[in-house]
Structure formats: structure tokens, C-alpha cells
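A.B. asks: I need the structure of the sequence given here:
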Amino acid sequence: MTGRLAIAVGLVGALGWIGLIWLGVTLYRTDPPTAGFDLELLLRAGRAVAAGRSPYDAAIVAGAAPVAERLFYSYPPVVAQAMSLVAGIPSAAVLVLWDVAAVAGLALVSGGLVRRFAPTLSASSVAWLVAALVPLMFPLAIGLLFGNLDVFFPLLYGLMLLAIPEPAASADAGQGGVATAVAGLTKLHPGSMGLWFLVRAPASRVARAVVVTAIVAALVILAVSVLVGGTQPWLDYLAVVRAGSGADLVDPRNAGPAAQVALLVGGGGVSAETLARNLQILVTLAALAVTAVASRALRDPVESLTWAAAASLVILPVTWYHYPSALIPFALAALLRSRGSPQGRTTQLLIVASALIAAIAIAWLPLLYVAVGLLLAGVRVSQRARAA
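C.D. replies: Numbering: from 1, shown residues only. I've put the predicted structure just below:
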């Protein structure tokens, strides 16, 4: 990067961060605070665990069907148990630490991707560049404002990505396995990433190592959770999952393809809910099929895992705007591995267009899938650059 371009990027990044911080402070001063509302939900669950109570709504545990967009704690018990460790810290301070840790995680993965795909570049410089431009990555920026758990998914998905190029170091495979287990046990839908590694395992030593590590890590996490809180939180969680199957899905804020199709075709009401539920069965099956086929059929592991990552976002009936932030490492990998090739400019245009469309999608959610499609195209083009 030239000195002039570095200055320009630094200026844009600084302005973006000033704007994001100003917006966050403004939203936090509302009554009740709008910024950090999702994190506050997690903190309340953590405080309940710290006080010896269940983190779950008693009515939902009893069988009352929640509304999908209403705030209620529905994560596995391990999330609330982890949040109990910071339950005594003021919410505002936790939000700041939460966001700093998420950006640091993305920067860490960015440095790893540089060392893997563009070793002639300065890993630290690229990491700082990515961190500077975070406010322009709208799904991630929104997640940071609200304190969503998904802001850590660029780190977790990035560690999975770092585990796959053959040959990968044993440490990378181990980290990828742990990341797969943690992601799956906290939000469930990333568990489909484990299917990708499982399908690839017979032909890949690295994939086998990831699968074994993921299983061991998951068992350790579950064992610690039961030792700390017993089995009752997990029984409550299963009750919440059963009750959640009756939640309303059709809402303009739900970016899930089944919900969006139901909105476009049926508007609202019982018929739209029925349509969304029936479509979601097909969406889930299709996402799992895409994951398995991509793992088996696509030779380029980066492109193959990108398809699996994109499919994982729609496994469950509810998909929020910030979910695609998990795909940031794949966009960065595409940019890095196409650098200096004839396809590099095309890759850059596709990735930039994807980011722009994702920003616009905050006004019309179906555009998120156009953005994901452009990212997939960018990864495909970058693979041709790698092979040239």
C-alpha cells in the first residue's frame, strides 16, 4: 500500500470510528438504552446464573410460544454461564470490552490470513487496516452497536478457514476444531460447519484433526457446563427450544429466506406463517445439501468452505442482519490470494460491491443474499487467480 493510500484509508477509518462511537453513545443514552440491548440480554442471563437462578423465561420453559423478534434468552446454558463471569461489571464497560475483543479477534485472524495467503505483506499492517475499516462493514458494525454475540463469529469462522489449506499446522487444525465447537454450542446454526469437515475428513488429514478436536472440545465444554450448573439448565433449554418452534417467524426484521419469501408472497397472518414454516424445512435441507456437496465436489477448499459458511447462516428459521459478518474472513482471503494477479481487480470489485450491497440491505433485507452471492463470486475468481 502506498503512503498516500494508507493515509486515505486511515482517514476514512478514523471518520468511520468517530461516527460509530458517536452513534453508540447516542443510542446508549436513550431510555432504555438502545445500544448494547442484545448484550444486556446476555448479561441478565449471566446475572441470573450467578444468583443461582435459571437464565430462561419461566413462561417459555412452561411452554408459552415466544415471538421471534421479542427479546428473550434462548442460547444454550454455556453462554449464560460464561456471561456470569462478568455479571458484576457495569453493562457499559462490558459493551466496550466486548467490542474491543471482537475487533481484536478479527484483526488476529486477518494477520493469520496474510501469513497464509500473502506472506510478502505485513501481517500487522493488514490487521490494522481491517480494524480501521470495521465501521464500513455494516453487518459487523451493527453487531458491535447492539452487542450481538455474532461479532465474534469473524474470529471463529476465520479460525476454521485458517485450518483448511493443506498442509495446515497442527495448531491451526486444533484452533479450527475448537472454533467449530464453540460456534456450534453458542448459536447452533454454525454446527453445520462441522458437517463440512466431516464430509471432507476421509480424504483430508487436516479435516480429520478438526473433527476430532471439535468433538473433544464440545464434550469438555458440555462437561464443564454440567459440573457448574447441573443438568437442569439444559432441560430448561430443551423446553425453550420446543416452545421456540411455535414462535412467529414472519417479520420484516427476520432476513431468513423463508420469512422473506412469505412476506413477499403472503404478507402476514396465519397463511404466511404456515408458508414460512414449510419453506424453512426446504431451506434447511438445501443448506445442509449445499454444505455436503460443496465439501465433496469443490476442489478449492477456500471456495468450498465459503459455500458452507454462507449456507450456515440460513440453517435456522431466524436470520438477523448482522449474521453475514461471519463471512468477512472469506472476503479478505479472496482479496489476499488474488493480489497482483490479472483477476485481482475483478476480485476487488466483487468484494467491494458485496460490502456496498450489504450496507444498502439494511433498508431491504433480501439484498443480503445479493451481497453474499457477490462475495461467493469474488472467492471463485480469486481461486482462478491462485491457480494461474
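
A.B. asks: For Leu374, give me its contacts.
C.D. replies: Contacts for Leu374 (Cβ atoms under 8 Å, 6 or more residues apart in numbering) come out as 350-351, 353-354, 357. Every residue, glycine included, has its C-beta placed from N, CA and C.

A.B. asks: quick one: which of the residues you listed is most hemmed in?
C.D. replies: Leu350 (25 neighbours; other Cβ atoms under 10 Å).

A.B. asks: Low-confidence ranges, the stretch 101-250 of the chain, go.
C.D. replies: For the stretch 101-250 of the chain, the stretches flagged by pLDDT under 70 are 166-169.

A.B. asks: same thing but 80
C.D. replies: Low-confidence segments of the stretch 101-250 of the chain, defined by pLDDT under 80, are located at 165-170, 244-248.

A.B. asks: Which ones among the contacts of Leu374 map onto helices?
C.D. replies: Among the contacts of Leu374, the ones falling in helices (DSSP state H) are 350-351, 353-354, 357.

A.B. asks: can you redo the residues you listed as CSV with distance to Pro154?
C.D. replies: Formatted as CSV, these follow (distance: Cβ to Cβ, whole Å):
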residue, distance to Pro154
Leu350, 19
Ile351, 15
Ala353, 20
Ser354, 15
Ile357, 18
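
A.B. asks: Off-centre distance for the helix or strand harbouring Val381?
C.D. replies: Here Val381 sits within helix 367-387, counting by DSSP states H and E. Chain-centre distance of helix 367-387: 18 Å, with Cα atoms, centre = their mean, to the nearest Å.

A.B. asks: ditto for stretch 263-277
C.D. replies: For stretch 263-277, the distance to the chain centre is 27 Å (Cα atoms, centre = their mean).

A.B. asks: Could you tell me the end-to-end distance of that stretch?
C.D. replies: From its first residue to its last, stretch 263-277 covers 12 Å (Cα to Cα, to the nearest Å).

A.B. asks: same question, stretch 307-316
C.D. replies: 16 Å.

A.B. asks: tell me the mean pLDDT over it?
C.D. replies: If you average the pLDDT over stretch 307-316, you get 97.

A.B. asks: residues making contact with it?
C.D. replies: Residues outside stretch 307-316 that contact it (Cβ under 8 Å, 6+ apart) are 157, 160, 188-193, 195-196, 256-257, 283-284, 286-288, 290-291, 294-295, 298, 319, 323-324, 326-327, 330, 372, 375-376.

A.B. asks: I'd like the ones in helices among the contacts of Leu374 written out as TSV, with pLDDT added.
C.D. replies: Shown next, in TSV, are the ones in helices among the contacts of Leu374 (pLDDT from 0 to 100):
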residue	pLDDT
Leu350	97
Ile351	97
Ala353	97
Ser354	97
Ile357	97
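
A.B. asks: can you give me the helices in the stretch 201-350 of the chain?
C.D. replies: 205-229, 232-244, 257-266, 270-297, 301-312, 328-337, 344-360 (DSSP state H, counting those that start in this stretch).

A.B. asks: Let me know the closest of the ones in helices among the contacts of Leu374 to Val265.
C.D. replies: For the ones in helices among the contacts of Leu374, the residue nearest Val265 by Cβ to Cβ is Ile357; the value is 22.8 Å.

A.B. asks: was I right about that closest one contacting Gly373?
C.D. replies: No: at 9.0 Å, Ile357 does not count as touching Gly373 under the criterion of Cβ atoms under 8 Å.

A.B. asks: how much space between Leu95 and Tyr321?
C.D. replies: 19 Å (Cβ to Cβ, to the nearest Å).

A.B. asks: Also Phe146?
C.D. replies: From Phe146 to Tyr321 the distance is 10 Å (Cβ to Cβ).

A.B. asks: and what of Ala276?
C.D. replies: Taken as Cβ to Cβ, the span from Ala276 to Tyr321 is 18 Å.

A.B. asks: higher neighbour count, those two?
C.D. replies: Remark: of Ala276 and Tyr321, Ala276 carries more neighbours, 26 against 21, as counted by other Cβ under 10 Å.

A.B. asks: Leaving aside the residues adjacent along the chain, what's closest to that one?
C.D. replies: Excluding its sequence neighbours, the residue lying closest to Ala276 (Cβ to Cβ, 6 or more residues apart in numbering) is Ala262, at 3.9 Å.

A.B. asks: Tell me the buried residues in stretch 284-303?
C.D. replies: Under the neighbour-count criterion of 16 or more other Cβ atoms under 10 Å, stretch 284-303 has 284, 287-288, 290-292, 294-295, 298, 300-303 buried.

A.B. asks: ditto for stretch 24-42
C.D. replies: 24, 28, 35-42.

A.B. asks: Also stretch 333-352?
C.D. replies: Neighbour-count burial for stretch 333-352 [16+ other Cβ under 10 Å]: 333-339, 341, 343-344, 346-348, 350-351.

A.B. asks: Distance from it to the middle of the chain?
C.D. replies: Computed by Cα atoms, centre = their mean, the chain-centroid distance of stretch 333-352 equals 23 Å.

A.B. asks: next one: stretch 84-101
C.D. replies: How far stretch 84-101 lies from its chain's middle: 20 Å, per Cα atoms, centre = their mean.

A.B. asks: Show me which positions of it end up buried.
C.D. replies: 84, 86-87, 91, 94-95, 98-99.

A.B. asks: wait, which of those residues is closest to Thr180?
C.D. replies: Nearest to Thr180 among the buried residues of stretch 84-101, counting by Cβ to Cβ, is Trp98 at 21.9 Å.

A.B. asks: measure the closest one to Ala62 for me?
C.D. replies: From Trp98 to Ala62 the distance is 31 Å (Cβ to Cβ).

A.B. asks: what about stretch 28-39, how long is it end to end?
C.D. replies: For stretch 28-39, the separation between the terminal residues is 12 Å (Cα to Cα).

A.B. asks: same deal with stretch 114-127?
C.D. replies: Stretch 114-127 has an end-to-end distance of 9 Å (Cα to Cα).

A.B. asks: same thing with stretch 48-62?
C.D. replies: 18 Å.

A.B. asks: Report the mean confidence score over it.
C.D. replies: The average pLDDT within stretch 48-62 is 91.
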